[in-house]
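Novice: pasted the sequence and its predicted model underneath.
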Amino acid sequence: MTDELNVRDSNGTKLQDGDSVALIKDLKVKGSSVTLKRGTIVKNISLTSDEEEIECNAEKVKGLVLKTCFLKKV
């Protein structure tokens with residue numbers, strides 16, 4: 001069975017539920033005036049059904065979905 005997700009960060013490192021990641025680029029959050037700065041650490045991520053997205057709670061934004069191409073594992 002190959003139904004296991006193969007989620008990888010921008011460097012190709014495998015990500016799992018509960019990992020911590022850092023942003024590699026400043027990101028504007030749609031629907032708010034918040035900008036997440038490069039180097040921001042996001043803890044305790046959750047994998048989604050899409051290999052290119054993760055769910056997380058950042059410092060000022062709850063229920064955020066981020067693309068894995070903007071992340072690196074810490």
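Specialist: Sure thing, it's come through.

Novice: count of residues packed around the closest residue to Lys43 other than its chain neighbours?
Specialist: Of all residues not flanking Lys43 in the chain, Ser20 sits nearest, at 4.6 Å (C-beta to C-beta, 6 or more residues apart in numbering). For the C-beta atoms, the positions are set from N, CA and C on the backbone; glycine is no exception. The local packing of Ser20 (other C-beta atoms under 10 Å) involves 14 other residues.

Novice: so Ser20 touches Cys56, yeah?
Specialist: No - between Ser20 and Cys56 there is no contact under C-beta atoms under 8 Å: 9.6 Å.

Novice: which residues are in contact with each of these two?
Specialist: Val42, Lys43, Asn44, Ile45 (C-beta atoms under 8 Å, 6 or more residues apart in numbering).

Novice: ok, those vs Asp9, which is closest?
Specialist: Nearest to Asp9 out of the shared contacts of Ser20 and Cys56 is Ile45 (C-beta to C-beta; 10.2 Å).

Novice: so who does the closest one touch?
Specialist: Residues in contact with Ile45 (C-beta under 8 Å, 6+ apart) are Leu15, Asp17, Gly18, Asp19, Ser20, Val21, Ile54, Glu55, Cys56.

Novice: what subset of those residues is buried?
Specialist: Using 16 or more other C-beta atoms under 10 Å as the burial test, the contacts of Ile45 include Leu15, Asp19, Val21, Ile54, Cys56 as buried.

Novice: looking at these, which is nearest Val74?
Specialist: The nearest member of the buried ones among the contacts of Ile45 to Val74, counting by C-beta to C-beta, is Val21 at 6.2 Å.

Novice: is that closest one in contact with Phe70, as I believe?
Specialist: No - look at Val21 against Phe70 with C-beta under 8 Å: they stay out of range, at 9.2 Å.
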